[in-house]
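A.B. asks: Model the structure of this input:
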Amino acid sequence: MNAGRLQGKATVITGGSGTLGRAMARAFVREGARVLLVDLDVLALEEACRVLGDAVSFVAADVTQPTDADRYIQVAEERYGGVDVLVCNAGVEGVVKDIPGYPLEVYQRVM
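C.D. replies: Next up, the predicted model:
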């Protein structure tokens with residue numbers, strides 16, 4: 001059996017508990033990567049890890065907070081020896097409004 005293209009690579013996926021995050025994690029694991037999922041939803045992260053197997057772990061974190069970002073990178077370094085791939089998949093939807101009426105605080109959260 002040939003090793004996957006990502007054999008032994010450490011991957012961090014933000015927004016990891018959602019549909020897209022899980023699909024990416026599944027693909028990375030299939031290629032031999034070890035994956036750290038990052039999201040706010042602990043229950044969904046636990047379920048994703050249960051489904052995806054031993055090559056996946058998680059950290060509950062808010063990617064908009066620098067201290068949380070530092071923490072999940074530190075966890076990846078401790079668990080996997082570093083970060084080879086970072087997938088910045090986390091995101092939130094804003095409101096549907098025209099640009100002049102778009103609330104600045106919502107724009108800042110989305111960005």
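A.B. asks: which helix is the longest one in this structure?
C.D. replies: Scanning the chain for the longest helix, with DSSP state H as the assignment, gives helix 66-80.
A.B. asks: After it, heading C-terminal, what element do we hit next?
C.D. replies: strand 85-88 (DSSP states H and E).
A.B. asks: Could you pull up the residues touching the closest residue to Glu47 other than its chain neighbours?
C.D. replies: Nearest non-adjacent residue to Glu47, counting by CB to CB, 6 or more residues apart in numbering: Ser17, 7.7 Å away. Every C-beta, even on glycine, is put in place using the N, C-alpha and C of the backbone. Contact partners of Ser17, counting by CB atoms under 8 Å, 6 or more residues apart in numbering, are 37, 39, 41, 44-45, 47-48, 58.
A.B. asks: Pull out the buried members of the residues you listed.
C.D. replies: For those, burial is judged from neighbour counts taken by 16 or more other CB atoms under 10 Å, and it is met by 37, 39, 44-45, 48, 58.
A.B. asks: Filter those residues down to just the ones in helices.
C.D. replies: Under the assignment DSSP H, the buried ones among the contacts of Ser17 contribute 44-45, 48 to helices.
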